[in-house]
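Undergrad: When you get a sec, could you give me coordinates for this:
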Amino acid sequence: MKTLISFGEFETMAKIRLGAIVAPYLALILTANALAQDYSVLRINEVIADNATQNPADKKLEHQDMVEIYNGGDAELSLANCAISDTADAVPPYDTHVKAFPSGTNIPAKGFVVVFLSGKAEVTGDCQTDIDLGLAKDGSEPVTLWGPRGTDGKTREIIDQVWLPPLPTDVSFGRFPDGSGPAPVAVEETLQVFHFYPKDTSTFGTCGPAPCGNFTAPCKGSVNGPGGNVPPRLNRIGGAINHPAAGEPVDLVVQVEDDKDPIPSNIPSLRIEYSVDGVAQTPVAMEYDAELGVQTGASEGRPLHRWTHWRGSIPGQPASARVEFKITGADVDGATATDPSNLCAEGVGPCNELGLPGANCVKEPDPSLKFVSCSAPFRYTSGYEVPEALRGLVINEVMATQTKTYPDRSGANVEYDDYIELFNGTSATIDLSGFWLSDKPFEPQGWQFPAGSSIAAGAYEIVWLDNDGGRCPRPPGVKGDGQECPDPTNPAQGAYHTNFALDADGDQIYLFAPETDRYGLIHGVEFGPQAEDVSLSLSPNGDRNGEYLPTPGGTPGLPNGPSSEPLFRRGDSNGDCAANLADAIFLLRSLFQGGDSSACPDAADMDDNGSLQISDAVYLLNYLFQGGAAIPPPGESVPGADPTSDSLDACQDTGCG
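TA: Predicted coordinates:
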């Protein structure tokens, strides 16, 4: 019996068969058409990598990173076959940083197109062009414009590439005249071709009318001007302590950057302006470190990052003197700068973009619920003596990074956040209301304990350094990232959450007294790189003069005790205090050629499975040369004890602890 089909079914089958036959040829035709266009006339014309206020805004009225592309040719070009990335070299489509332009992205002859690097690709074509990409503002990335895929359907040629310098907020970087200079631009030629455009002088243009809801589009860019002068960037980087003794001077080191050379011929004025107990003092001139000279970030992948160091000192002050200071500077063109930047008015702040912490923060006159952000001057108290009643209050433990040690269950999801443990070693309850925690020297007003906060005598109190505290009200454009609203801090429940987190690569954490006690430093600790799930625990427990020891797993809420286990670096089988190829060779010789055994079997147990096998050497080699999994705790960098129990012999002292 024959099966009959309808004409419609026949037509569908025919289209499917014809499509399978025609598709490869259609792809070749499209590729040929793309290759026939002259993409060499395209230029990356202007870039902004840290956009807070510069127009045009996108359809959601948000300000995104942007790239403007210029077509110097005489014909309209389609960018639909091209791509853009924030990498120096790649072979699309394998590199996830390379993003193709959406279909409908056209650029007219002698015209521009503005691309929003919004980290999403929700709206494209006539309304706006979004690319799922973001740019680094620290000068560690280029912008690369890629041509169509070649005849192999995979590789692309670079049309243009521009390395970015570090770009301050709202400052763009563009060619003048439009489309001038070579493509790609050699690093050493970049600053001759590209110019800086200070805030409110960028030339991304406006967006013309289009049927896009509350958004007017498309965005076509506009002609670049000659650029302008960007003020110096000043950043106090260290060389000082934030708790000097009475009469002890405070030495300061400031890193200076500028769009020109940051040396005295261009930066003739840099000084420390300070006051003592509210009385202004004579400014102190800072001196250029000529011996160190101009530094560059070329070895760190930031070829256009240039800076210098300047040094100066605040004279020693009497005990209990409250010192406030700022760094001020100017270039030869008169552009001025301060550190801290964007100083608050008297009696205001400090204020972050959400209005917290601080007092009298001013709300922006727009519907985003943001506040005017500003910074307080740097401050410290000279010769501050911790009151007798507070000398038993210490930061007893610090966990700067964890994945499994101590869960934070305050939110909808269980998180493993940074935390500190406070310990009250006195015989009385301590009222913590008004005390401050901060991860920045000379900036005590980081996060404040609210009214009703306390710690009982002999008690341990956990404070989560998780960015969740003080985050409400939150602007609609700021994602929650697991944060809870309202603020999860609740003194009645002993729940404390700060508005900052720690840096596992090295940081500091300080406990400061309230303003009524001059923000005196109660206790603090500075630390280097930290291993996951290894805390720094004060030993002896609660002793402010003790030392912080690495403690796998930590002891949150419990007394600290000296570790009975030897400390070692996993991966260091030969005891040379490092994990490298020599350790794999040492282990293989020990296993198969009668070589010496490791003085620390746990260190040679690279995969932490409780036995020494060839797989340990393979594990280390994969980690060193193939991008394999990291060495298990305590890892090869920070010595620690073995977090897992096994039958391997105890380590002997290798001198690497």
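Undergrad: Where does pLDDT dip in the stretch 451-600 of the chain?
TA: Within the stretch 451-600 of the chain, the segments meeting pLDDT under 70 span 471-486, 562-566.
Undergrad: So which residues of it form helices?
TA: 581-592 (DSSP state H, counting those that start in this stretch).
Undergrad: Strands along that one, start to end?
TA: According to DSSP state E, counting those that start in this stretch, the stretch 451-600 of the chain carries its strands in the segments 454-455, 460-465, 507-512, 521-527, 534-539, 547-552.
Undergrad: Quick check: can you name the pairing partners of the longest one and their directions?
TA: Read that as strand 521-527. strand 507-512 (antiparallel) (DSSP bridges).
Undergrad: got the angle for the partner strand vs strand 460-465?
TA: Here strand 507-512 runs at an angle of 120 degrees relative to strand 460-465 (axes from the mean of the first three to the mean of the last three CA atoms, to 10 degrees).
Undergrad: distance between strand 507-512 and the chain's centre?
TA: Chain-centre distance of strand 507-512: 19 Å, with CA atoms, centre = their mean, to the nearest Å.
Undergrad: now stretch 129-143
TA: Distance of stretch 129-143 from the chain centroid (CA atoms, centre = their mean) equals 14 Å.
Undergrad: that older thread, which one of the strands of the stretch 451-600 of the chain lies closest to D160?
TA: Ranking the strands of the stretch 451-600 of the chain by proximity to D160 (CB to CB) places strand 507-512 first, at 39.0 Å. Where C-beta positions appear, they are placed from N, C-alpha and C, glycine not excepted.
Undergrad: in that closest one, what counts as buried?
TA: Applying a neighbour-count criterion of 16 or more other CB atoms under 10 Å, one finds 507-512 buried in strand 507-512.
Undergrad: Check stretch 539-554 too.
TA: Under 16+ other CB under 10 Å, the buried positions of stretch 539-554 are 539, 541-542, 544, 548-554.
Undergrad: re earlier: how about the strands of the stretch 451-600 of the chain in JSON lines, adding distance to T308?
TA: Formatted as JSON lines, the strands of the stretch 451-600 of the chain follow (distance: least, CB to CB, whole Å):
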{"stretch": "strand 454-455", "distance to T308": "45"}
{"stretch": "strand 460-465", "distance to T308": "33"}
{"stretch": "strand 507-512", "distance to T308": "25"}
{"stretch": "strand 521-527", "distance to T308": "25"}
{"stretch": "strand 534-539", "distance to T308": "34"}
{"stretch": "strand 547-552", "distance to T308": "34"}
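Undergrad: and D38, which of these is closest to it?
TA: strand 507-512 (51.8 Å).
Undergrad: Give me the residues contacting the closest one.
TA: With contact meaning CB atoms under 8 Å, 6 or more residues apart in numbering, strand 507-512 is reached by 242, 393, 395, 398, 400, 420, 422, 435-441, 444, 465, 502, 519-527.
Undergrad: what angle do that strand and strand 534-539 make?
TA: Using the same axes, to 10 degrees: strand 507-512 against strand 534-539 is 40 degrees.
Undergrad: For strand 507-512, list the C-alpha coordinates in CSV.
TA: This file holds the C-alpha atoms of strand 507-512, laid out as CSV (Å, rounded to 0.1, in the frame of the first residue of the first chain):
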residue,chain,number,x,y,z
ASP,A,507,45.6,43.0,52.5
GLN,A,508,45.1,44.4,55.9
ILE,A,509,42.2,44.7,58.4
TYR,A,510,42.0,47.2,61.2
LEU,A,511,39.6,47.9,64.1
PHE,A,512,39.3,51.6,64.9
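Undergrad: Which parts of the protein are helices?
TA: All helices of the chain, identified by DSSP state H, fall at 7-36, 190-193, 581-592, 601-604, 614-625.
Undergrad: ranking these by mean pLDDT, which is last?
TA: Lowest mean pLDDT within these: helix 7-36, a mean of 46.
Undergrad: Break this structure down into its domains, please.
TA: Following automatic domain parsing, one finds the domains of the chain at 1-34, 37-197, 234-339, 384-552, 564-657.
Undergrad: Burial check on T53, number of neighbours?
TA: 10 (other CB atoms under 10 Å).
Undergrad: Isn't it up against K199?
TA: Yes: taking CB atoms under 8 Å as the definition, T53 is a contact partner of K199 at 7.3 Å.
Undergrad: Need the residues touching each of those two.
TA: The contact lists of T53 and K199 share D170, where a contact means CB under 8 Å, 6+ apart.
Undergrad: And the strands in the stretch 101-250 of the chain, which stretches?
TA: Under DSSP E, counting those that start in this stretch, the stretch 101-250 of the chain gives strands at 106-107, 112-117, 129-131, 142-149, 156-163, 172-175, 194-197, 233-238, 250-257.
Undergrad: Show me what the shortest one is in contact with.
TA: Right, the one you point to is strand 106-107. Contact with strand 106-107 is made by 42, 69-71, 76-79, 113, as judged by CB under 8 Å, 6+ apart.
Undergrad: Repeat the analysis, applying 6 Å as the threshold.
TA: In this structure, residues lying in contact with strand 106-107 by CB atoms under 6 Å, 6 or more residues apart in numbering are 71, 76-78, 113.
Undergrad: do the same with the last one
TA: Contacts with strand 250-257, where a contact means CB under 6 Å, 6+ apart, come from 232-240, 244, 262, 307-314, 327.
Undergrad: How about the fifth one?
TA: Where contact means CB under 6 Å, 6+ apart, the residues beyond strand 156-163 that reach it are 39, 42-44, 92, 142-147, 149, 183-185, 187, 190, 303-304.
Undergrad: Tell me the strands beside that strand, with direction?
TA: The pairing partners recorded for strand 156-163 under DSSP bridges are strand 142-149 (antiparallel).
Undergrad: same deal with the first one?
TA: On the basis of DSSP bridges, the sheet neighbours of strand 106-107 come out as strand 77-78 (antiparallel).
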